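> turn this into a structure:
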Amino acid sequence: MIYMSSNIHLMIYHNHSHTNGSNGISANSSFRSTARGTHRATRFSIVVQTNAAFARSVLDAIRRFVKTGLHGVSIHAVASQSDEETLELIGTLRHQSDVFALVSKNTERVKAALLEFRSQGIPVIALVSDLDASVRTTYIGGDNRAAGQLAGFIFGRSLERELGVQVAVVSCNLAYRCWEDREIGFRSLLEQRFPQISIVEIVTESDAPQASREAALRVLSNGYAVGGIYNLLGENLGLAQAINKVRLPRRPLYITHELDEAAEPLLRTGAIDFLITQNLESIVNAMKRCVIALRTGTDRPGELNLVPIELVSKFNLQSRTVR
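Below is the predicted model:
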């Protein structure tokens, strides 16, 4: 048990739930902070289901947020490692939460489970990736459609003078709303502003590195004139490995999402050209304001609480490095 202040202490523990192997989170995948010296703390639960590297970044940002102090709030944050575990956690935490937040897929099963929170009057906060408006109280995160448009604009201006050029888009059938929004924004901008640039599909079964690598190898080995690669998923290790293995005749412009421990070294070495990212500190600060408003009843949070999206390269990484 690590005491952070006179009002909050933080307890780190391991999550021993079963996993599907693709999103394995190692030690310290969950934690609980409890308000001390309060008669009735607001119980705030957070579930994070995403790839391992980004899940650790999200939980680390929440840990830093806890250290700043949040009086009268007990925080329980956990990384889910599978769809089934997410549903199990939603079911369990429904009886232990006054406010609930999650990073999750926008599936029918998740939405049905979240409606139980809404029926009990428990506010639901969607973080990083939005959910249907009917199942959440508010969304805190970046404008992912605008992020996709930004990627499309960079590719378009960089490649517009080349004949027959193609951009490979890495996508997945998993139902994260942020992926859908990025793809919509990207495709719509290219079609409207740069219709001469065509798209090659790289569809992966999951956002695990091995799945991304194998899917990319199947497409990039077919001799496409790929001038750019847009990875809207944010899993970058497997894709970078595929690019190095294929040895394309020219190095494609590589744009992806989310700054985490896996992406940072790839950005530093030039394997990734640009990262489009959501500032996690801004997200957790907005989350703090939202929880305080809900606890005190002073203000009702809006349906959308957008944080700025940021374009990061190795030249401005120092000011945005992962902590």
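
> Ile140 bridge partners, please.
Leu127, Asn305 (DSSP bridges).

> any idea how far Leu280 is from it?
11 Å (C-beta to C-beta, to the nearest Å). Using the backbone N, CA and C atoms, a C-beta is placed for each residue, glycine as well.

> equivalent analysis for Asp143, please.
Taking C-beta to C-beta, one finds Asp143 at 16 Å from Leu280.

> how about Cys172?
Noted for Cys172: a distance of 22 Å to Leu280, by C-beta to C-beta.

> now His257
Counting by C-beta to C-beta - His257 and Leu280 are separated by 13 Å.

> burial count for Ser119?
Residue neighbour count, defined by other C-beta atoms under 10 Å, stands at 9 for Ser119.

> can you show me the helices along the stretch 151-300 of the chain?
177-193, 209-220, 237-246, 263-268, 280-296 (DSSP state H, counting those that start in this stretch).

> so which of those is nearest Ser313?
helix 263-268 (7.1 Å; C-beta to C-beta).

> pull the closest one out as CSV, backbone CA atoms only.
Provided in CSV are the C-alpha atoms of helix 263-268 (Å, rounded to 0.1, in the frame of the first residue of the first chain):
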residue,chain,number,x,y,z
ALA,A,263,5.3,3.5,-30.6
GLU,A,264,7.9,5.8,-29.0
PRO,A,265,11.1,4.0,-30.0
LEU,A,266,9.7,3.5,-33.5
LEU,A,267,9.1,7.2,-33.8
ARG,A,268,12.6,8.0,-32.5
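
> give the buried residues for stretch 107-126.
Within stretch 107-126, the residues scored as buried using 16 or more other C-beta atoms under 10 Å are Thr107, Val110, Lys111, Ala113, Leu114, Phe117, Ile122, Pro123, Val124, Ile125, Ala126.

> same list (these) but as TSV, adding pLDDT, distance to Glu261 and secondary structure.
Conversion of the buried residues of stretch 107-126 to TSV gives the following (pLDDT from 0 to 100; distance: C-beta to C-beta, whole Å; DSSP: H, G, I helix; E, B strand; the rest coil):
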residue	pLDDT	distance to Glu261	secondary structure
Thr107	95	27	coil
Val110	96	26	helix
Lys111	96	31	helix
Ala113	96	30	helix
Leu114	96	29	helix
Phe117	93	31	helix
Ile122	93	33	coil
Pro123	94	31	coil
Val124	96	29	strand
Ile125	97	25	strand
Ala126	98	24	strand
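
> which among those gets closest to Glu180?
Out of the buried residues of stretch 107-126, the member with the shortest distance to Glu180 (by C-beta to C-beta) is Thr107, at 12.1 Å.

> next up, the contacts around that closest one.
Asp83, Ala175 (C-beta atoms under 8 Å, 6 or more residues apart in numbering).

> Glu183: what's its closest spatial neighbour, skipping adjacent residues?
Computed as C-beta to C-beta, 6 or more residues apart in numbering, the closest residue to Glu183 that is not its neighbour in sequence is Leu232, at 5.6 Å.

> contact partners for that neighbour?
With contact set as C-beta under 8 Å, 6+ apart, Leu232 has these partners: Gly148, Ala151, Val169, Val170, Ser171, Trp179, Arg182, Glu183, Phe186, Thr256, His257.

> thinking again about what came up before, closest to His95 out of the helices of the stretch 151-300 of the chain?
Using C-beta to C-beta, these put helix 280-296 closest to His95, at 18.3 Å.

> report the buried residues of the closest one.
280, 282-288, 290-292, 294-295.

> dump the buried residues of stretch 107-126 to a markdown table, plus distance to Phe100.
Listed next are those as a markdown table, based on distance: C-beta to C-beta, whole Å:
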| residue | distance to Phe100 |
| --- | --- |
| Thr107 | 17 |
| Val110 | 12 |
| Lys111 | 14 |
| Ala113 | 11 |
| Leu114 | 8 |
| Phe117 | 6 |
| Ile122 | 6 |
| Pro123 | 7 |
| Val124 | 5 |
| Ile125 | 7 |
| Ala126 | 10 |
